[in-house]
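# 3D model of this:
(one chain, ligands or ions: 1)
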Amino acid sequence: MDKAWVLIGMMGAGKSSVGRLLADATDRPFIDTDLLLQQRLGRPIPQIFQVYGEEAFRDHETNILRSLEIGPSVISTGGGIVIRPENWDEMRRLGTTIYLRAPIEVLFERLETSKKKRPLLQSDDWKERLATLLEVRSPLYEQADLIIDVGDGDIDAGVARLADLLLRPVES
Ligand code: S3P
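Residues are numbered from 1 along each chain as shown. Model (predicted):
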């Protein structure tokens, strides 16, 4: 049976936008674990962090992954999904993991306007925080089955490249 394509990577890497476009281009359903979590708890992510704390958020994140059924979907995940080893078991159960890798300068630029929605970036030194998170998480992201460099700005070309790679018949 066809399995999912699971997108991982830092905040600002474009997992949701690439995921939606990829799902459209390949006629697969799109699933966003952050959205599911917000729907389940009935609150936006900053409030979930504020009210329940990060550990509880991570527990819900793992539960969401566990509740997903195997199928040919495109799954966009939250940037911190990679930090719990048990999440890797779930992501591998679901399908192929794909790291959307973007240079830190691109992440800085994109998050400048959208960092308000990211509870982990709520301080004046958010750039240092982001750089530390990237340093700590890079070796984890790099455990993905596929690594795709994004960030050149041309999202449609990136999606087309990715769809081509994923749909290409396996050479024997
Ligand atoms: C987080 C990334 C966010 C969201 C939460 C925590 C992280 O998702 O899950 O704010 O730890 O990197 P995005 O990667 O979609 O911003």
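# Near L167, how many other residues are there?
9 (other CB atoms under 10 Å). C-beta: built from backbone N, CA, C; applies to glycine.
# List of residues touching the helix or strand of the chain with the lowest mean pLDDT?
Lowest by mean pLDDT, DSSP states H and E among the helices and strands of the chain is helix 155-167, with a mean of 87. Here helix 155-167 makes contact (CB atoms under 8 Å, 6 or more residues apart in numbering) with 5, 14, 17-18, 21-22, 25-26, 96, 98, 146, 148, 150, 152.
# again with stretch 55-66
Contacts for stretch 55-66 (CB under 8 Å, 6+ apart): 33, 36-37, 40-41, 45, 48-49, 77-78, 80-81, 83-84, 86-87, 90-91, 94.
# And that stretch, how far out from the chain middle?
Centroid separation for stretch 55-66 versus its chain: 14 Å, with CA atoms, centre = their mean, to the nearest Å.
# what does stretch 154-167 give?
16 Å.
# So W88 sits against Q143, correct?
Yes: the criterion here is CB atoms under 8 Å, and W88 meets it with Q143 at 7.1 Å.
# Pull up the overlap in contacts between those two.
V82, T97.
# between those two, who's got more neighbours?
Neighbour count, other CB under 10 Å: between W88 and Q143, W88 has more, with 18 against 14.
# so who does that one touch?
V82, T97, Q143.
# Flag every buried residue along the one helix or strand T62 maps to.
Assigned by DSSP states H and E, T62 belongs to helix 54-67. Buried residues in helix 54-67, defined by neighbour count with 16 or more other CB atoms under 10 Å: F57, R58, H60, E61, T62, I64, L65.
# now stretch 26-41
T26, R28, F30, I31, D32, T33, D34, L36, L37, Q38, L41.
# Tell me the gap between the lengthiest helix in the chain and the middle of its chain.
Counting by DSSP state H, the longest helix found in the chain is helix 126-141. Between the centre of helix 126-141 and the centre of its host chain there is 14 Å, according to CA atoms, centre = their mean.
# got it, and stretch 147-159?
14 Å.
# For that stretch, could you pull out the residues that count as buried?
For stretch 147-159, the neighbour count (16+ other CB under 10 Å) marks I148, V150, G151, G158, V159 as buried.
# Pull the most distant pair out of these.
G151 and V159 (13.4 Å; CB to CB).
# rewinding a little: filter the contacts of stretch 55-66 down to just the buried residues.
Buried, going by 16+ other CB under 10 Å: 33, 36-37, 41, 45, 48-49, 77-78, 80-81, 84, 87, 90-91, 94, out of the contacts of stretch 55-66.
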